[in-house]
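In: turn this into a structure:
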Amino acid sequence: MVKLIAKQHLLPSVRWVLEQADRVGNFTEIDLLCKDYSKIASVGEQLPTFVKLRGGLEECFGDELESDLVILDEGGSLHLELPVEYARRSAGIEQTTYGLRNHWKYPVVLVCRSAAKLYFESQIIARGIIRKLESIDLLEGKTFGIIGLGALGSSIARLLMAKGISTVGTDIRSIPPDLSSISLSLPDLIKKSNVILGCTGVNVLDGVDVCGLNGTKLFASCSSSDIEFRVLLGYLPVSQKFESVKGTVGKMNCVVLNGGFPINFDRVREWELFEEIILTRRLVLQGLLQAKSLIRTRPAAVMLDPAIQQQIVLEWLEQVPDRSMLRVPEILNEDFYRKHSEGEIQMNEKPLYTLHNTTPGALNQMRMHKAPYHTDVMGLPILVLPGVWSPAYDWSSLFYVENMPDVRGLDFLEIGCGTGVISVFAGRAGANRIVAVDVNPEAVRNARRNFDRFGTKMADAFLSDGFSNVKGKFDLITWNAPYHGCRPADMLERGCADECYRDIRSFFQQVRTYLNPGGKVVFGFSESGDLPLVESLIADNGFRIRRKLSDWREDYNCMLFELVEANQISK
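Out: Residues are numbered from 1 along each chain as shown. Model (predicted):
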């Protein structure tokens, strides 16, 4: 049993994370502590029943909490406050750099220091802030001063300048080269600007003689609670929390928007588009799944899996509505994410993915064969060539054949065909046309020989890495997929291992392109693999599960999913 305790902004996209965490993370309970300054009441009213709103961390623990824990924190307070007696059976995720002040009591996945989040999230937040400023007519005829030209501040500055809006900036650290022309000292920035944006996460006016300022100024925080302009708030009358504060400080007429809290958290709507902020939410969701695998391992700061970061960003870049103002590195390979993310790549005691304990023995038996041999599958002597994944030592093909849906008259495509045994039985069951592909040349040769051996008509087998060489559309597409997420040692192991599930991710991204209207996908997997990831990929790529079978034999599990497009009417 694993319980999720999350401290989050109560926003529509966060509700999506919690819904997905319940669906693919198999958490027994989900407790949510929300931040008042960003709470959208209507989202709270629409939370699923399995999410329990809590007023504090102490409410999350009953008299006897027996569950393991995953702690999803934003700011580090939960990590700091978690009673030490729970630390041994906990793992966590940290979303914000501010939370890095902690000394970790358990393994924590640093989503906050993942390259994907560091490089892209600030650009997403900047877009939301510009939308908010536009909604209150603050852009026209103003000079903007940006205090803090880090990732967020520089992103806001670039968007303002692209709109032709007068912009200046300052930072106690280095200034990005493309913004050096707008750099001023802090006093000069305040004098020149009408609207001043704080993008540092600290009390930016600490040490500034605010009573010596004059003119009319509007101040707005873009990050980190109400810290940015606390000096001003000490001089101004605060009538109601979160409301904009107006007044005179010395000779300056000033307004502090949103009570000093970040202006993009106005408790009315989420100013970042869902299609944009979904990048961060998917990173968090994968962080949850990774953290869950680290429970009861040694305390450490752990890197969010670079391969998963790469995949999430590639998918996001294809779907994000407007790429015109996005700054995207020229090279976005796995090494980029590994180099620019922080944390240990994996825990030595418990790798993220390993071979199931029954698999090395099966591989050793397959490698012993140096000549072709036969194995019986439901009465058929299936030919197996050396170097091809063998149904003699893996009963998943038998399970597949036993539970194959009706294929009569259907155009049938099998990915990763191996010996071709599943396609052979599809032909015997009345499939109209059969295409079988594999990345292993020996498997292609093996499938062709079995087609000839059993007189499988209208059948072809050829080399293809997934869909790379596939043409046309099909009524039924099937793949008895490798369920281990570790790196395959050779071509034979590609029959059982798919590093970080890259091929499975690619399969679900592409499969609808090759599916006829009303068609279905039959996908083989195992409870011993990353089942939450697979179920997430099914839903995220527009499918629903029409039938799910699961069975244990010979000390390991096989599953079969029958999938249809989510908008397909049930029959």
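In: what's the burial count for S185?
Out: 9 (other Cβ atoms under 10 Å). To be clear about C-beta, it is placed using only N, CA and C from the backbone, and glycine gets the same treatment.
In: find the nearest non-adjacent residue to it, please.
Out: Nearest-residue entry for S185: T170, 6.4 Å, with adjacent residues in sequence omitted and distances by Cβ to Cβ, 6 or more residues apart in numbering.
In: shaky segments in the stretch 1-150 of the chain?
Out: Applying pLDDT under 70 to the stretch 1-150 of the chain flags residues 62-65, 99, 101-103.
In: what about the helices in it?
Out: Along the stretch 1-150 of the chain, the segments classed as helices by DSSP state H, counting those that start in this stretch run 12-25, 41-45, 77-81, 84-87, 115-135.
In: is it correct that S180 falls within a strand?
Out: No - counting by DSSP: H, G, I helix; E, B strand; the rest coil, S180 is not found in a strand; it is helix.
In: near it, how many other residues are there?
Out: The burial count for S180: 11, using other Cβ under 10 Å.
In: next one: it from L149, what distance?
Out: 10 Å (Cβ to Cβ, to the nearest Å).
In: same check, this time on I382
Out: From I382 to L149 the distance is 65 Å (Cβ to Cβ).
In: got it, and W104?
Out: Where L149 is concerned, W104 sits at a distance of 30 Å (Cβ to Cβ).
In: who has more neighbours out of the two?
Out: Higher neighbour count among W104 and L149: L149, with 25 against 17, using other Cβ under 10 Å.
In: contacting residues around that one?
Out: 157, 169-171, 175-176, 179, 183, 199 (Cβ atoms under 8 Å, 6 or more residues apart in numbering).
In: over to A429?
Out: Applying Cβ under 8 Å, 6+ apart, the residues contacting A429 are 404, 406-408.
In: if you rank the residues you listed by neighbours, which is first?
Out: V407 (21 neighbours).
In: nearest residue to that one other than its sequence neighbours?
Out: Nearest to V407 is A431, by Cβ to Cβ, 6+ apart, at 4.4 Å.
In: likewise for R131?
Out: Distance criterion Cβ to Cβ, 6+ apart; nearest residue to R131, sequence neighbours excluded, is W271 at 5.0 Å.
In: I'd like to know how far that neighbour sits from G260.
Out: W271 is 18 Å from G260, by Cβ to Cβ.
In: compare these two and say which is more crowded by neighbours.
Out: Neighbour totals were compared for W271 and G260, and G260 leads with 26 against 21 (other Cβ under 10 Å).
In: from V208, how far off is that one?
Out: Separation of G260 from V208 (Cβ to Cβ) stands at 15 Å.
In: domain-wise, how is the chain divided?
Out: 2-115+270-340, 118-260, 359-565 (automatic domain parsing).
In: show me what contacts the residue of the chain positioned farthest from its centre?
Out: Distance from the centre of the chain peaks at K251, with 49.6 Å (Cα atoms, centre = their mean). Applying Cβ under 8 Å, 6+ apart to K251 gives the contacts 211-215.
In: quick one: neighbours of the residue nearest to I415 when sequence neighbours are not counted, just the number.
Out: For I415, ignoring the flanking residues on the chain, the nearest one in space by Cβ to Cβ, 6+ apart is W479 at 4.0 Å. If you count neighbours by other Cβ under 10 Å, W479 ends up with 22.
In: show me the beta-bridge partners of W479.
Out: Counting by DSSP bridges, W479 forms beta bridges with I415, F523.
In: how near is it to L560?
Out: 11 Å.
In: from the contacts of L149, list the buried ones, please.
Out: 157, 169-171, 176, 179, 199 (16 or more other Cβ atoms under 10 Å).
In: what is the nearest of the residues you listed to V534?
Out: C199 (39.6 Å; Cβ to Cβ).
In: next, count neighbours for the nearest residue to Y235 once chain neighbours are set aside.
Out: With sequence-adjacent residues excluded and distances taken as Cβ to Cβ, 6+ apart, Y235 is closest to V249, at 4.6 Å. Per other Cβ under 10 Å, the neighbour tally for V249 reads 19.
In: what is the burial count for the nearest residue in space to Y373 that is not next to it in sequence?
Out: Of all residues not flanking Y373 in the chain, V384 sits nearest, at 5.5 Å (Cβ to Cβ, 6+ apart). V384 has 22 neighbours, counted by other Cβ under 10 Å.
In: so V384 sits against P372, correct?
Out: Yes - counting by Cβ atoms under 8 Å, V384 touches P372, with 6.8 Å between them.
In: among the contacts of K251, who's most crowded?
Out: L213 (18 neighbours).
In: so that residue touches L189, yeah?
Out: No - taking contacts as Cβ under 8 Å, L213 lies outside contact range of L189: 11.5 Å.
In: okay, buried residues for stretch 314-322 please.
Out: Buried, per 16+ other Cβ under 10 Å, within stretch 314-322: 315-316, 320.
In: which secondary element of the protein has the worst mean pLDDT?
Out: helix 84-87 (a mean of 82; mean pLDDT, DSSP states H and E).
In: identify the residues contacting that one?
Out: By Cβ under 8 Å, 6+ apart, the list of residues contacting helix 84-87 reads 61, 65, 69, 105-106, 299.
In: how about those in a markdown table, adding distance to P306 and neighbour count?
Out: Below are the contacts of helix 84-87 laid out as a markdown table (distance: Cβ to Cβ, whole Å; neighbours: other Cβ atoms under 10 Å):
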| residue | distance to P306 | neighbour count |
| --- | --- | --- |
| F61 | 35 | 18 |
| L65 | 34 | 16 |
| L69 | 26 | 26 |
| K105 | 25 | 18 |
| Y106 | 22 | 25 |
| P299 | 22 | 15 |
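In: what is the nearest of these to G542?
Out: Among these, and counting by Cβ to Cβ, the member closest to G542 is L69, at 33.1 Å.
In: how many residues are close by the closest residue to Q510 other than its chain neighbours?
Out: Nearest residue to Q510 in three dimensions, chain neighbours excluded: F467, at 5.0 Å (Cβ to Cβ, 6+ apart). For F467, the count of nearby residues is 18 (other Cβ under 10 Å).
In: can you classify F467 as helix, strand or coil?
Out: coil.
In: show me what contacts it?
Out: Contacts of F467 (Cβ under 8 Å, 6+ apart): 415, 507, 510-511, 513-514.
In: and what of E562?
Out: So E562 contacts 405, 520-522, 545-548 (Cβ under 8 Å, 6+ apart).
In: now with 10 Å?
Out: 403-405, 476, 478, 520-523, 545-549 (Cβ atoms under 10 Å, 6 or more residues apart in numbering).
In: now a PyMOL select for only the buried ones of the residues you listed.
Out: The following PyMOL line selects those of the contacts of E562 that are buried, judged by 16+ other Cβ under 10 Å:
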select buried, resi 404+476+478+520+521+522+523+546
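In: format the contacts of E562 as JSON lines; extra columns: pLDDT.
Out: Listed next are the contacts of E562 as JSON lines, based on pLDDT from 0 to 100:
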{"residue": "N403", "pLDDT": "95"}
{"residue": "M404", "pLDDT": "93"}
{"residue": "P405", "pLDDT": "95"}
{"residue": "L476", "pLDDT": "98"}
{"residue": "T478", "pLDDT": "98"}
{"residue": "K520", "pLDDT": "97"}
{"residue": "V521", "pLDDT": "98"}
{"residue": "V522", "pLDDT": "98"}
{"residue": "F523", "pLDDT": "97"}
{"residue": "I545", "pLDDT": "95"}
{"residue": "R546", "pLDDT": "94"}
{"residue": "R547", "pLDDT": "95"}
{"residue": "K548", "pLDDT": "95"}
{"residue": "L549", "pLDDT": "96"}
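In: alright, that wraps it up for me.
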